[in-house]
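[1] Pasting the sequence and the predicted coordinates here, then a few questions.
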Amino acid sequence: MHRSLRALLLTLAVAGAACSSSSPKESSDGAATDTATDSASGEGSADDAGETSDAGDTTSAGSGSDTSVLPPQPDRPRLDSPTPLRKLSEYAFFVGPLRDMRPNNGVIGYSVNAPLWSDNAYKGRYIAMPEGGQLTPVTDGDEDWQLPVGSIVIKTFYFDLDRTTPDEGPYRINETRLLFVTARGIVAETYLWNEEQTEAVRFVAGTRINMQVIGADGASVNQEYVVPNKNQCANCHSRSDEIHMLGLTTAQLNRESLEEPGRNQLELWQSAGMIAGDLGDRALLPAYDKPFVSGSLNGQARAYLHGNCSHCHRTGGDAGVTGLWLLASVTDDYRLGICKGPVAAGAGTGSLHYDILPGFPERSIMPFRMSSVDPEIKMPEIPNLIADQQGLALIESWIAAMPPVACNEVNEGSAAGSGAGSGQ
């Protein structure tokens, strides 16, 4: 794992102790070690195995206890359970204290070029595959790689509670989402972390978590975070009535490695025998620009829209019928929203006429919806409660840089022809 990310994850041990208190306290050197009063609302809900999953359950052995002496742990994750396990620790994805997220054998960390905004969350991403299993690549940059049956994709959401010192913590882990690759398709499950940050329990009902955070300006504010229910996972992951992975595509994965900085992530996986077949020269494979990090303005904006919007705005996605398609590979400007009118009137248009009016972000529907937190207006529709101001500024700059086009002269249903949105 990349050293800086590893450092972030290791500080979760400190954050776990901090979050277990309901009031702020100081360490012996006077540094604040707790800035949050955290609460998970919602009742326990019956899971598929007939148990009750309680958000506040800390009954597991060692939960909330001294974790300096740990029981023996399996040397590989448990991937063969016929039903979802009740506690995250039972899968043995990680060794040592669960909150440290140190991958076990057979579990690999990964990163993507254009991540999805999730209300300021950090994310730990991992893949667990059966022994000897291989990823089957798809050279099309937009399409999902195939994982062997029995694989589990793991994504943990955690938050920096003091943003005056970015990347230094303390941190709060809220949830871990699992995507199971089965012979019947992909199945999603969510595990909710306890207050002590020692365990996460399967939770299907969804809930809201309140966190007291110190903003970049030093002011203490409450942030509410939505943990979606089991059914809501399909809102982003469903395409043509099937659940799909997000982010496991060539153009997202073709980047430097977290494990060995300076080396290509796909190159390492290939050399480790994790990829079926030969990918060839990684420099010739598609790769999205990194929003806010590197690449052209157009490339960063297109990558941002792909990572945050294209799971719905594509053929087969929930918003595919709108005709606004935001895959990074789209070359038709009209499909991208340039000079394209909305398919329905209402509050979501802001009385504006085009998804993108080249040269005029203030007269374009896309940034208008991105800037809102009104459930009737905002995009994405769920589950975000905070507008991504950095992403908004990127899209506004992108639209402002487009050569102005007289949209009323463009035939509806055809490409605008400006070329502003074409390419990577």
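    Cool, the structure landed.

[2] now the strands: where do they sit in the stretch 201-350 of the chain?
    Ranges of strands in the stretch 201-350 of the chain, per DSSP state E, counting those that start in this stretch, are 207-214, 220-227, 238-239, 242-243.

[3] Out of the ones you listed, flag the one nearest residue 187.
    Among the strands of the stretch 201-350 of the chain, strand 242-243 comes nearest to residue 187, with 7.2 Å by Cβ to Cβ. Any C-beta I mention is one placed from the backbone N, CA and C, and that applies to glycine too.

[4] just to revisit the earlier point, dump the strands of the stretch 201-350 of the chain into CSV; add distance to residue 281 as well.
    Below are the strands of the stretch 201-350 of the chain laid out as CSV (distance: least, Cβ to Cβ, whole Å):
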stretch, distance to residue 281
strand 207-214, 44
strand 220-227, 42
strand 238-239, 30
strand 242-243, 32
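
[5] Tell me which of the ones you listed sits nearest to residue 106.
    Across these, closest to residue 106 is strand 242-243 (Cβ to Cβ), at 23.0 Å.

[6] what is the rounded mean pLDDT of the closest one?
    The average pLDDT for strand 242-243 rounds to 67.

[7] ok, now stretch 215-225?
    pLDDT averaged over stretch 215-225 gives 94.

[8] what does stretch 146-157 give?
    Stretch 146-157 comes out at a mean pLDDT of 96.

[9] got a list of contacts for it?
    77, 79-80, 91, 93, 101, 107, 118, 121-130, 133-136, 138, 173-183, 245, 248 (Cβ atoms under 8 Å, 6 or more residues apart in numbering).

[10] just so I know, which of the strands of the stretch 201-350 of the chain lies nearest residue 336?
    Going by Cβ to Cβ, the one of these nearest residue 336 is strand 238-239, 19.0 Å.

[11] Now, the contacts of stretch 146-157 that are in strands?
    107, 122-128, 173-182 (DSSP state E).

[12] Now a PyMOL select for only the buried ones of those residues.
    To isolate the buried ones among the ones in strands among the contacts of stretch 146-157 in PyMOL, judged by 16 or more other Cβ atoms under 10 Å, type:
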select buried, resi 107+122+123+124+125+126+127+128+173+174+175+176+177+178+179+180+181
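
[13] what's the domain layout of this structure?
    3-284, 297-409 (automatic domain parsing).

[14] Span of stretch 78-95 from start to end?
    12 Å (Cα to Cα, to the nearest Å).

[15] For that stretch, buried residues please.
    79, 84-95.

[16] Can you redo those residues as TSV, where the extra columns are distance to residue 318 and pLDDT?
    As requested, the buried residues of stretch 78-95 are exported to TSV (distance: Cβ to Cβ, whole Å; pLDDT from 0 to 100):
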residue	distance to residue 318	pLDDT
79	30	95
84	25	95
85	30	97
86	31	97
87	32	97
88	29	97
89	34	97
90	33	97
91	30	97
92	35	97
93	30	97
94	33	97
95	38	96
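
[17] Make CSV out of the residues you listed and add distance to residue 392.
    Formatted as CSV, the buried residues of stretch 78-95 follow (distance: Cβ to Cβ, whole Å):
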residue, distance to residue 392
79, 40
84, 37
85, 40
86, 40
87, 39
88, 34
89, 39
90, 41
91, 37
92, 41
93, 35
94, 35
95, 40
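
[18] Contacts only, for the nearest residue to residue 304 once chain neighbours are set aside.
    For residue 304, ignoring the flanking residues on the chain, the nearest one in space by Cβ to Cβ, 6 or more residues apart in numbering is residue 291 at 4.2 Å. Listed by Cβ under 8 Å, 6+ apart, the contact partners of residue 291 are 114, 300, 301, 303, 304, 307, 391, 394.

[19] ok, so of those, who is nearest residue 406?
    Each of the contacts of residue 291 was checked against residue 406 using Cβ to Cβ; the closest is residue 301, at 22.3 Å.

[20] just to revisit the earlier point, just the pLDDT at the residue nearest to residue 304, thanks.
    97.

[21] Make residue 1 into 658 and carry on from there
    Sure thing, new numbering starts at 658, so read that last one as residue 948.

[22] Residue 773 versus that one, what's the distance?
    11 Å (Cβ to Cβ, to the nearest Å).

[23] shared neighbours, those two?
    residue 964.

[24] Would you single out the least confident of the domains of the chain?
    Among the domains of the chain, domain 660-941 scores lowest, at a mean of 77.

[25] centre of the chain versus it, how much separation?
    Averaging C-alpha positions (Cα atoms, centre = their mean, to the nearest Å) puts domain 660-941 10 Å from its chain's average.

[26] Bridged to the closest residue to residue 939 other than its chain neighbours, which residues?
    Excluding the flanking residues, the one nearest residue 939 by Cβ to Cβ, 6+ apart is residue 921, at 4.9 Å. Listed by DSSP bridges, the beta-bridge partners for residue 921 are residue 913.

[27] What's the local residue count around residue 921?
    20 (other Cβ atoms under 10 Å).

[28] In contact with it, which residues?
    911, 912, 913, 914, 939.

[29] So residue 831 is in contact with residue 882, correct?
    Yes. Using Cβ atoms under 8 Å, residue 831 is in contact with residue 882, at 5.7 Å.

[30] so what sits against both of those two?
    By Cβ under 8 Å, 6+ apart, the residues touching both residue 831 and residue 882 are 778, 816, 866, 868.
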